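>>> build me a model from this:
(one chain, ligands or ions: 1)
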Amino acid sequence: TGLVTLDSGFMNTATTTSQITYIDGDEGILRYRGYPIDQLAAGSSFLEVAYLLIYGELPDASALEQFTTRVTRHRLLHEDFKSFFTAFPANGHPMAILQSGIAGLATYYQHTLDPKDPEQLELATVLLLAKVPTMIAYIAKRALGLPLLYPDSSRGYVEDFLRLTFHLPYQDKSVDPVLTKALDMLLILHADHEQNCSTSTVRMVGSSHANIYASIAAGVGALSGPLHGGANEAVLSMLDAIKAGGGDASDFMRRVKDKEDGVRLMGFGHRVYKNYDPRAAIVKDAAHEVLTQLGSSDELLDIAMGLEDIALHDDYFIERKLYPNVDFYTGLIYKAMGFPTQMFTPLFAMGRLPGWIAQYREMIADPTTKIGRPRQVYTGEGERDFVALDQR
Ligand code: CMC
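Numbering: from 1, shown residues only. Alright, predicted model coming up:
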(Lines give C-alpha, C1' and ligand atoms only; values in the text may rest on other atoms or scores of the structure.)
Protein backbone atom coordinates (compact mmCIF):
# COMPACT_ATOMS: atom_id res chain seq x y z
CA THR A 1 0.00 0.00 0.00
CA GLY A 2 3.04 2.28 0.15
CA LEU A 3 3.82 5.10 2.51
CA VAL A 4 0.88 7.31 3.48
CA THR A 5 1.58 10.87 4.64
CA LEU A 6 -0.82 12.58 7.05
CA ASP A 7 -1.55 16.19 6.11
CA SER A 8 -4.68 17.24 7.96
CA GLY A 9 -6.32 20.27 6.32
CA PHE A 10 -3.98 19.99 3.30
CA MET A 11 -1.50 22.35 4.95
CA ASN A 12 1.22 21.35 2.52
CA THR A 13 -0.29 19.08 -0.12
CA ALA A 14 -1.03 20.27 -3.65
CA THR A 15 -3.94 18.34 -5.13
CA THR A 16 -3.61 19.63 -8.67
CA THR A 17 -1.65 21.77 -11.08
CA SER A 18 -3.59 24.78 -12.33
CA GLN A 19 -3.15 27.66 -14.77
CA ILE A 20 -6.02 29.78 -13.51
CA THR A 21 -5.11 31.75 -10.39
CA TYR A 22 -1.79 32.66 -8.79
CA ILE A 23 -1.44 33.63 -5.13
CA ASP A 24 1.72 34.64 -3.28
CA GLY A 25 0.50 34.66 0.30
CA ASP A 26 3.65 36.19 1.80
CA GLU A 27 3.63 39.12 -0.58
CA GLY A 28 -0.15 39.51 -0.75
CA ILE A 29 -0.33 38.97 -4.52
CA LEU A 30 -3.38 37.65 -6.41
CA ARG A 31 -3.58 37.27 -10.18
CA TYR A 32 -6.21 35.73 -12.46
CA ARG A 33 -4.56 34.21 -15.55
CA GLY A 34 -1.59 36.51 -14.87
CA TYR A 35 -3.54 39.76 -14.49
CA PRO A 36 -3.17 41.51 -11.10
CA ILE A 37 -6.44 41.67 -9.14
CA ASP A 38 -6.25 45.44 -8.61
CA GLN A 39 -6.01 46.07 -12.36
CA LEU A 40 -9.00 43.81 -13.04
CA ALA A 41 -11.01 45.39 -10.21
CA ALA A 42 -10.31 48.87 -11.57
CA GLY A 43 -10.71 48.29 -15.28
CA SER A 44 -12.67 45.12 -16.05
CA SER A 45 -16.24 43.91 -15.63
CA PHE A 46 -17.52 40.76 -13.94
CA LEU A 47 -18.60 38.98 -17.13
CA GLU A 48 -15.30 39.84 -18.78
CA VAL A 49 -13.43 38.37 -15.80
CA ALA A 50 -15.67 35.28 -15.98
CA TYR A 51 -14.64 34.88 -19.63
CA LEU A 52 -10.98 35.35 -18.72
CA LEU A 53 -11.10 32.72 -15.97
CA ILE A 54 -13.03 30.18 -18.03
CA TYR A 55 -11.35 30.57 -21.44
CA GLY A 56 -7.89 31.77 -20.35
CA GLU A 57 -7.66 35.06 -22.27
CA LEU A 58 -9.40 38.44 -22.16
CA PRO A 59 -12.11 38.60 -24.85
CA ASP A 60 -11.99 41.14 -27.65
CA ALA A 61 -15.07 43.36 -28.05
CA SER A 62 -16.99 40.97 -30.30
CA ALA A 63 -16.18 37.87 -28.22
CA LEU A 64 -17.38 39.67 -25.11
CA GLU A 65 -20.55 40.81 -26.83
CA GLN A 66 -21.32 37.28 -28.04
CA PHE A 67 -20.65 35.82 -24.61
CA THR A 68 -22.81 38.46 -22.91
CA THR A 69 -25.65 37.85 -25.38
CA ARG A 70 -25.52 34.09 -24.80
CA VAL A 71 -25.61 34.47 -21.03
CA THR A 72 -28.34 37.13 -21.13
CA ARG A 73 -30.56 34.99 -23.34
CA HIS A 74 -30.67 32.22 -20.73
CA ARG A 75 -31.43 34.26 -17.63
CA LEU A 76 -35.06 33.15 -17.35
CA LEU A 77 -35.86 30.25 -15.06
CA HIS A 78 -38.27 27.52 -16.13
CA GLU A 79 -41.76 28.52 -14.93
CA ASP A 80 -42.16 25.23 -13.04
CA PHE A 81 -39.00 26.03 -11.14
CA LYS A 82 -40.63 28.98 -9.42
CA SER A 83 -42.66 26.71 -7.16
CA PHE A 84 -39.32 25.45 -5.87
CA PHE A 85 -38.72 28.74 -4.06
CA THR A 86 -41.94 28.39 -2.08
CA ALA A 87 -41.24 24.77 -1.14
CA PHE A 88 -38.96 25.86 1.72
CA PRO A 89 -39.76 27.83 4.88
CA ALA A 90 -39.54 31.56 4.04
CA ASN A 91 -36.91 32.04 6.75
CA GLY A 92 -34.78 29.08 5.58
CA HIS A 93 -31.18 30.05 4.93
CA PRO A 94 -30.66 31.24 1.33
CA MET A 95 -27.49 29.15 1.00
CA ALA A 96 -29.47 25.94 1.64
CA ILE A 97 -32.03 26.93 -0.99
CA LEU A 98 -29.33 27.97 -3.45
CA GLN A 99 -27.45 24.70 -3.03
CA SER A 100 -30.60 22.68 -3.70
CA GLY A 101 -31.57 24.91 -6.60
CA ILE A 102 -28.24 24.55 -8.39
CA ALA A 103 -28.28 20.77 -7.96
CA GLY A 104 -31.86 20.83 -9.26
CA LEU A 105 -30.84 22.54 -12.53
CA ALA A 106 -29.57 19.11 -13.58
CA THR A 107 -33.19 17.94 -13.82
CA TYR A 108 -34.19 20.73 -16.23
CA TYR A 109 -31.10 20.61 -18.44
CA GLN A 110 -30.50 16.90 -18.84
CA HIS A 111 -28.92 17.49 -22.25
CA THR A 112 -25.99 19.28 -20.56
CA LEU A 113 -24.85 16.73 -18.00
CA ASP A 114 -22.00 14.90 -19.74
CA PRO A 115 -18.76 16.65 -18.74
CA LYS A 116 -16.82 14.80 -21.43
CA ASP A 117 -18.92 16.36 -24.20
CA PRO A 118 -17.48 19.86 -24.85
CA GLU A 119 -20.74 21.21 -26.30
CA GLN A 120 -22.74 20.09 -23.30
CA LEU A 121 -20.19 21.53 -20.90
CA GLU A 122 -20.16 24.79 -22.82
CA LEU A 123 -23.95 25.09 -22.60
CA ALA A 124 -23.94 24.17 -18.90
CA THR A 125 -21.35 26.92 -18.33
CA VAL A 126 -23.61 29.53 -19.90
CA LEU A 127 -26.74 28.22 -18.16
CA LEU A 128 -25.10 28.40 -14.74
CA LEU A 129 -23.78 31.93 -15.24
CA ALA A 130 -27.20 32.97 -16.53
CA LYS A 131 -29.52 31.33 -14.02
CA VAL A 132 -27.73 31.50 -10.69
CA PRO A 133 -28.15 35.30 -10.26
CA THR A 134 -31.84 35.01 -11.13
CA MET A 135 -32.14 32.26 -8.55
CA ILE A 136 -30.39 34.33 -5.87
CA ALA A 137 -32.63 37.33 -6.57
CA TYR A 138 -35.73 35.12 -6.34
CA ILE A 139 -34.56 33.63 -3.03
CA ALA A 140 -34.18 37.16 -1.63
CA LYS A 141 -37.63 38.19 -2.90
CA ARG A 142 -39.29 35.04 -1.64
CA ALA A 143 -37.92 35.55 1.89
CA LEU A 144 -39.90 38.81 1.98
CA GLY A 145 -42.95 37.45 0.16
CA LEU A 146 -42.45 39.92 -2.70
CA PRO A 147 -43.40 39.26 -6.35
CA LEU A 148 -40.80 37.84 -8.73
CA LEU A 149 -39.89 39.86 -11.81
CA TYR A 150 -38.70 38.53 -15.17
CA PRO A 151 -35.12 39.24 -16.24
CA ASP A 152 -34.81 42.14 -18.69
CA SER A 153 -32.38 41.31 -21.49
CA SER A 154 -31.80 44.98 -22.30
CA ARG A 155 -30.02 45.52 -18.99
CA GLY A 156 -26.55 44.60 -17.82
CA TYR A 157 -25.85 41.41 -15.87
CA VAL A 158 -25.26 43.04 -12.47
CA GLU A 159 -27.71 45.90 -13.01
CA ASP A 160 -30.55 43.50 -13.75
CA PHE A 161 -29.63 41.27 -10.83
CA LEU A 162 -30.09 44.30 -8.55
CA ARG A 163 -33.40 45.15 -10.22
CA LEU A 164 -34.68 41.59 -9.81
CA THR A 165 -33.63 41.62 -6.16
CA PHE A 166 -34.96 45.00 -5.07
CA HIS A 167 -37.61 46.27 -7.46
CA LEU A 168 -41.35 45.77 -7.36
CA PRO A 169 -43.50 45.42 -10.51
CA TYR A 170 -44.95 48.93 -10.34
CA GLN A 171 -41.52 50.50 -9.91
CA ASP A 172 -39.78 51.25 -13.14
CA LYS A 173 -36.96 53.40 -11.90
CA SER A 174 -33.47 52.60 -13.03
CA VAL A 175 -30.90 50.93 -10.82
CA ASP A 176 -28.44 53.23 -9.05
CA PRO A 177 -25.20 53.01 -11.10
CA VAL A 178 -23.18 53.39 -7.89
CA LEU A 179 -24.63 50.09 -6.67
CA THR A 180 -24.09 48.36 -10.00
CA LYS A 181 -20.47 49.44 -10.24
CA ALA A 182 -19.67 48.55 -6.63
CA LEU A 183 -21.29 45.10 -6.82
CA ASP A 184 -19.63 44.34 -10.16
CA MET A 185 -16.26 45.10 -8.60
CA LEU A 186 -16.95 42.97 -5.51
CA LEU A 187 -17.96 40.06 -7.74
CA ILE A 188 -14.64 40.39 -9.61
CA LEU A 189 -12.74 40.19 -6.31
CA HIS A 190 -14.54 36.94 -5.43
CA ALA A 191 -14.34 35.31 -8.85
CA ASP A 192 -11.58 32.79 -8.09
CA HIS A 193 -9.10 31.95 -5.35
CA GLU A 194 -7.38 28.73 -6.46
CA GLN A 195 -7.78 25.61 -4.31
CA ASN A 196 -9.84 26.93 -1.37
CA CYS A 197 -12.32 24.69 0.46
CA SER A 198 -15.28 25.14 -1.90
CA THR A 199 -13.23 24.97 -5.11
CA SER A 200 -11.46 21.84 -3.91
CA THR A 201 -14.90 20.42 -3.15
CA VAL A 202 -16.10 21.19 -6.67
CA ARG A 203 -13.03 19.44 -8.09
CA MET A 204 -13.35 16.49 -5.71
CA VAL A 205 -17.01 15.88 -6.54
CA GLY A 206 -16.36 16.44 -10.25
CA SER A 207 -13.45 14.00 -10.21
CA SER A 208 -16.03 11.21 -10.03
CA HIS A 209 -17.44 12.70 -13.28
CA ALA A 210 -20.48 13.97 -11.41
CA ASN A 211 -22.17 16.66 -13.52
CA ILE A 212 -21.20 20.32 -13.10
CA TYR A 213 -24.44 21.24 -11.29
CA ALA A 214 -23.94 18.54 -8.64
CA SER A 215 -20.30 19.57 -8.25
CA ILE A 216 -20.98 23.29 -7.91
CA ALA A 217 -23.90 22.65 -5.55
CA ALA A 218 -21.42 20.80 -3.32
CA GLY A 219 -19.13 23.84 -3.52
CA VAL A 220 -22.00 26.05 -2.34
CA GLY A 221 -22.35 23.78 0.69
CA ALA A 222 -18.64 24.17 1.48
CA LEU A 223 -18.82 27.94 1.01
CA SER A 224 -21.66 28.26 3.53
CA GLY A 225 -19.42 27.50 6.52
CA PRO A 226 -18.39 30.41 8.77
CA LEU A 227 -14.69 29.63 8.32
CA HIS A 228 -15.14 30.11 4.56
CA GLY A 229 -17.71 32.27 2.73
CA GLY A 230 -20.08 32.29 5.69
CA ALA A 231 -17.54 34.60 7.36
CA ASN A 232 -19.01 37.66 5.60
CA GLU A 233 -22.30 37.10 7.42
CA ALA A 234 -20.50 36.22 10.67
CA VAL A 235 -18.54 39.51 10.55
CA LEU A 236 -21.75 41.53 10.50
CA SER A 237 -23.22 39.55 13.40
CA MET A 238 -19.97 40.15 15.31
CA LEU A 239 -20.04 43.91 14.61
CA ASP A 240 -23.74 44.08 15.56
CA ALA A 241 -23.02 42.31 18.85
CA ILE A 242 -20.17 44.71 19.66
CA LYS A 243 -22.40 47.68 18.84
CA ALA A 244 -25.22 46.29 21.01
CA GLY A 245 -22.72 45.95 23.85
CA GLY A 246 -21.98 49.69 23.71
CA GLY A 247 -19.41 49.72 20.90
CA ASP A 248 -16.35 48.95 23.03
CA ALA A 249 -14.31 46.31 21.24
CA SER A 250 -11.65 45.78 23.91
CA ASP A 251 -13.56 43.12 25.88
CA PHE A 252 -14.37 41.27 22.67
CA MET A 253 -10.71 41.35 21.65
CA ARG A 254 -9.68 40.04 25.06
CA ARG A 255 -12.02 37.06 24.56
CA VAL A 256 -10.56 36.42 21.10
CA LYS A 257 -7.00 36.42 22.42
CA ASP A 258 -7.92 34.24 25.42
CA LYS A 259 -9.64 31.90 22.95
CA GLU A 260 -12.68 32.07 25.22
CA ASP A 261 -15.36 29.69 23.86
CA GLY A 262 -13.32 29.49 20.65
CA VAL A 263 -14.39 33.01 19.66
CA ARG A 264 -12.45 34.36 16.67
CA LEU A 265 -12.13 37.73 15.04
CA MET A 266 -14.22 36.91 12.01
CA GLY A 267 -12.94 38.25 8.69
CA PHE A 268 -9.36 37.90 9.91
CA GLY A 269 -6.72 35.32 9.07
CA HIS A 270 -6.16 33.18 6.02
CA ARG A 271 -4.54 29.87 5.24
CA VAL A 272 -2.46 31.32 2.43
CA TYR A 273 -2.17 35.08 3.05
CA LYS A 274 0.34 35.89 5.76
CA ASN A 275 0.11 39.52 4.71
CA TYR A 276 -2.74 41.94 3.99
CA ASP A 277 -5.25 40.18 1.69
CA PRO A 278 -5.04 42.31 -1.50
CA ARG A 279 -8.80 41.93 -1.92
CA ALA A 280 -9.45 43.29 1.59
CA ALA A 281 -7.43 46.42 0.81
CA ILE A 282 -9.60 47.09 -2.25
CA VAL A 283 -12.84 46.37 -0.37
CA LYS A 284 -11.85 48.67 2.48
CA ASP A 285 -11.38 51.60 0.09
CA ALA A 286 -14.65 50.71 -1.65
CA ALA A 287 -16.51 50.59 1.67
CA HIS A 288 -15.57 54.21 2.37
CA GLU A 289 -16.44 55.29 -1.15
CA VAL A 290 -19.75 53.44 -1.44
CA LEU A 291 -21.01 54.40 2.00
CA THR A 292 -20.18 58.05 1.26
CA GLN A 293 -21.84 57.90 -2.16
CA LEU A 294 -24.94 56.30 -0.71
CA GLY A 295 -24.92 58.85 2.09
CA SER A 296 -25.20 56.10 4.68
CA SER A 297 -22.77 56.63 7.48
CA ASP A 298 -22.42 53.44 9.43
CA GLU A 299 -21.28 53.11 13.01
CA LEU A 300 -20.36 49.50 12.21
CA LEU A 301 -17.69 50.70 9.75
CA ASP A 302 -16.10 52.69 12.57
CA ILE A 303 -16.20 49.62 14.83
CA ALA A 304 -14.64 47.48 12.08
CA MET A 305 -11.84 49.98 11.51
CA GLY A 306 -11.28 50.15 15.25
CA LEU A 307 -10.98 46.35 15.43
CA GLU A 308 -8.55 46.32 12.53
CA ASP A 309 -6.46 49.03 14.14
CA ILE A 310 -6.27 47.14 17.44
CA ALA A 311 -5.42 43.87 15.68
CA LEU A 312 -2.69 45.28 13.45
CA HIS A 313 -0.87 46.61 16.53
CA ASP A 314 -1.41 43.62 18.81
CA ASP A 315 1.22 40.91 19.32
CA TYR A 316 -1.36 38.09 19.21
CA PHE A 317 -2.29 39.00 15.63
CA ILE A 318 1.21 40.11 14.58
CA GLU A 319 2.85 36.85 15.70
CA ARG A 320 0.24 34.77 13.90
CA LYS A 321 0.28 37.02 10.83
CA LEU A 322 -3.46 37.60 10.98
CA TYR A 323 -4.72 40.35 8.67
CA PRO A 324 -8.17 41.30 7.40
CA ASN A 325 -9.38 38.96 4.65
CA VAL A 326 -11.87 39.61 1.85
CA ASP A 327 -14.85 39.02 4.15
CA PHE A 328 -14.00 41.71 6.70
CA TYR A 329 -15.43 44.76 4.92
CA THR A 330 -17.72 43.28 2.24
CA GLY A 331 -20.72 42.86 4.54
CA LEU A 332 -20.73 46.57 5.34
CA ILE A 333 -21.08 47.38 1.64
CA TYR A 334 -23.76 44.74 1.07
CA LYS A 335 -25.65 46.12 4.07
CA ALA A 336 -25.43 49.69 2.77
CA MET A 337 -26.77 48.41 -0.56
CA GLY A 338 -29.81 47.03 1.24
CA PHE A 339 -29.07 43.30 1.26
CA PRO A 340 -30.27 41.38 4.33
CA THR A 341 -27.39 39.70 6.22
CA GLN A 342 -28.43 36.21 5.12
CA MET A 343 -27.92 37.22 1.47
CA PHE A 344 -24.21 38.04 1.92
CA THR A 345 -22.87 34.52 1.37
CA PRO A 346 -25.06 33.91 -1.73
CA LEU A 347 -23.42 37.04 -3.17
CA PHE A 348 -20.04 35.41 -2.55
CA ALA A 349 -21.33 32.32 -4.39
CA MET A 350 -22.48 34.46 -7.33
CA GLY A 351 -18.98 35.93 -7.50
CA ARG A 352 -17.16 32.60 -7.13
CA LEU A 353 -19.28 30.86 -9.77
CA PRO A 354 -16.94 31.56 -12.75
CA GLY A 355 -14.00 30.29 -10.70
CA TRP A 356 -15.79 27.04 -9.84
CA ILE A 357 -16.75 26.59 -13.49
CA ALA A 358 -13.21 27.29 -14.73
CA GLN A 359 -11.70 24.89 -12.19
CA TYR A 360 -14.20 22.14 -12.97
CA ARG A 361 -13.47 22.50 -16.69
CA GLU A 362 -9.71 22.51 -16.12
CA MET A 363 -10.04 19.36 -14.00
CA ILE A 364 -12.17 17.57 -16.62
CA ALA A 365 -9.85 18.59 -19.49
CA ASP A 366 -6.72 17.40 -17.71
CA PRO A 367 -5.89 13.84 -18.84
CA THR A 368 -3.93 13.23 -15.62
CA THR A 369 -6.98 13.79 -13.38
CA LYS A 370 -7.86 10.81 -11.23
CA ILE A 371 -10.82 10.37 -8.95
CA GLY A 372 -10.14 12.22 -5.67
CA ARG A 373 -9.66 9.58 -3.04
CA PRO A 374 -7.57 10.62 -0.01
CA ARG A 375 -5.95 8.00 2.20
CA GLN A 376 -6.24 7.89 6.00
CA VAL A 377 -4.20 6.88 9.00
CA TYR A 378 -6.37 4.41 10.92
CA THR A 379 -6.32 4.90 14.71
CA GLY A 380 -9.28 2.70 15.74
CA GLU A 381 -9.58 -0.73 17.42
CA GLY A 382 -7.58 -3.76 16.30
CA GLU A 383 -9.45 -6.91 15.27
CA ARG A 384 -11.95 -8.17 17.87
CA ASP A 385 -14.71 -10.80 17.93
CA PHE A 386 -18.36 -9.86 17.53
CA VAL A 387 -20.42 -10.25 20.74
CA ALA A 388 -24.11 -11.18 20.37
CA LEU A 389 -26.59 -8.54 21.60
CA ASP A 390 -27.86 -10.62 24.55
CA GLN A 391 -24.30 -11.03 25.81
CA ARG A 392 -23.32 -7.34 25.87
N1 CMC B 1 -9.13 35.16 15.24
C2 CMC B 1 -8.33 34.77 16.26
N3 CMC B 1 -7.35 33.86 16.14
C4 CMC B 1 -7.16 33.32 14.93
C5 CMC B 1 -7.95 33.69 13.82
C6 CMC B 1 -8.95 34.65 14.01
N7 CMC B 1 -9.73 35.04 13.01
N8 CMC B 1 -7.53 33.00 12.74
C9 CMC B 1 -6.52 32.22 13.15
N10 CMC B 1 -6.29 32.42 14.48
C11 CMC B 1 -5.23 31.80 15.28
C12 CMC B 1 -5.56 30.37 15.63
O13 CMC B 1 -6.25 30.30 16.86
C14 CMC B 1 -4.18 29.75 15.69
O15 CMC B 1 -3.60 30.13 16.92
P16 CMC B 1 -2.58 29.11 17.69
O17 CMC B 1 -1.35 29.06 16.81
O18 CMC B 1 -2.35 29.76 19.01
O19 CMC B 1 -3.29 27.81 17.80
C20 CMC B 1 -3.42 30.47 14.57
O21 CMC B 1 -4.06 31.74 14.47
C22 CMC B 1 -3.45 29.75 13.24
O23 CMC B 1 -4.82 29.53 12.90
P24 CMC B 1 -5.37 28.24 12.16
O25 CMC B 1 -6.79 28.07 12.51
O26 CMC B 1 -4.43 27.09 12.40
O27 CMC B 1 -5.20 28.72 10.64
P28 CMC B 1 -5.89 28.06 9.38
O29 CMC B 1 -5.04 28.36 8.23
O30 CMC B 1 -6.24 26.64 9.65
O31 CMC B 1 -7.29 28.86 9.29
C32 CMC B 1 -8.92 30.47 8.77
C33 CMC B 1 -7.55 29.88 8.41
C34 CMC B 1 -9.32 31.48 7.69
C35 CMC B 1 -9.96 29.35 8.79
C36 CMC B 1 -8.84 31.18 10.14
O37 CMC B 1 -7.92 32.24 10.09
C38 CMC B 1 -10.19 31.66 10.65
O39 CMC B 1 -10.92 30.90 11.28
N40 CMC B 1 -10.56 32.97 10.39
C41 CMC B 1 -11.86 33.48 10.76
C42 CMC B 1 -12.90 33.08 9.71
C43 CMC B 1 -12.75 33.82 8.42
O44 CMC B 1 -12.61 35.04 8.39
N45 CMC B 1 -12.79 33.10 7.29
C46 CMC B 1 -12.70 33.67 5.96
C47 CMC B 1 -11.46 33.21 5.24
S48 CMC B 1 -11.04 34.20 3.82
C49 CMC B 1 -12.13 34.02 2.54
C50 CMC B 1 -13.12 32.94 2.63
O51 CMC B 1 -12.78 31.78 2.46
O52 CMC B 1 -14.26 33.28 2.84
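>>> helices along the stretch 151-300 of the chain, start to end?
157-166, 177-190, 197-206, 212-223, 231-244, 250-257, 278-293, 299-312 (DSSP state H, counting those that start in this stretch).
>>> figure out which of those helices is closest to residue 327.
Nearest to residue 327 among the helices of the stretch 151-300 of the chain is helix 231-244; the distance by C-beta to C-beta comes to 4.0 Å. All C-beta atoms are positioned from the backbone trio N, CA, C, and that covers glycine.
>>> grab the nearest non-local neighbour of the closest residue to the ligand within the stretch 1-150 of the chain.
Proximity of the stretch 1-150 of the chain to the ligand (C-beta to the nearest ligand atom) peaks at residue 9, 5.8 Å away. Distances taken as C-beta to C-beta, 6 or more residues apart in numbering place residue 271 nearest to residue 9, at 7.9 Å, with adjacent residues excluded.
>>> the one you found - how many residues pack around it?
By the criterion of other C-beta atoms under 10 Å, residue 271 has 14 neighbours.
>>> please apply the same query to the one 3 residues further on.
Per other C-beta under 10 Å, the neighbour tally for residue 274 reads 15.
>>> what's the answer for residue 310, then?
Residue 310 is flanked by 17 other residues according to other C-beta under 10 Å.
>>> find the nearest non-adjacent residue to it, please.
Leaving aside its sequence neighbours, residue 310 sits nearest to residue 253 (C-beta to C-beta, 6+ apart; 5.6 Å).
>>> wait, the one you found sits on residue 265?
Yes: between residue 253 and residue 265 there is a contact under C-beta atoms under 8 Å: 7.4 Å.
>>> please say which of the two ends up with more neighbours.
residue 265 (23 against 20).
>>> surely the more buried one and residue 322 touch.
Yes: at 7.4 Å, residue 265 and residue 322 qualify as touching, with contact defined as C-beta under 8 Å.
>>> for the residue of the stretch 1-150 of the chain closest to the ligand, helix, strand, or coil?
helix (DSSP: H, G, I helix; E, B strand; the rest coil).
>>> residues near it, how many?
Residue 9 has 8 nearby residues by other C-beta under 10 Å.
>>> now do residue 258
Neighbours of residue 258 (other C-beta under 10 Å): 10.
>>> so who does it touch?
By C-beta atoms under 8 Å, 6 or more residues apart in numbering, the contact set of residue 258 is empty.
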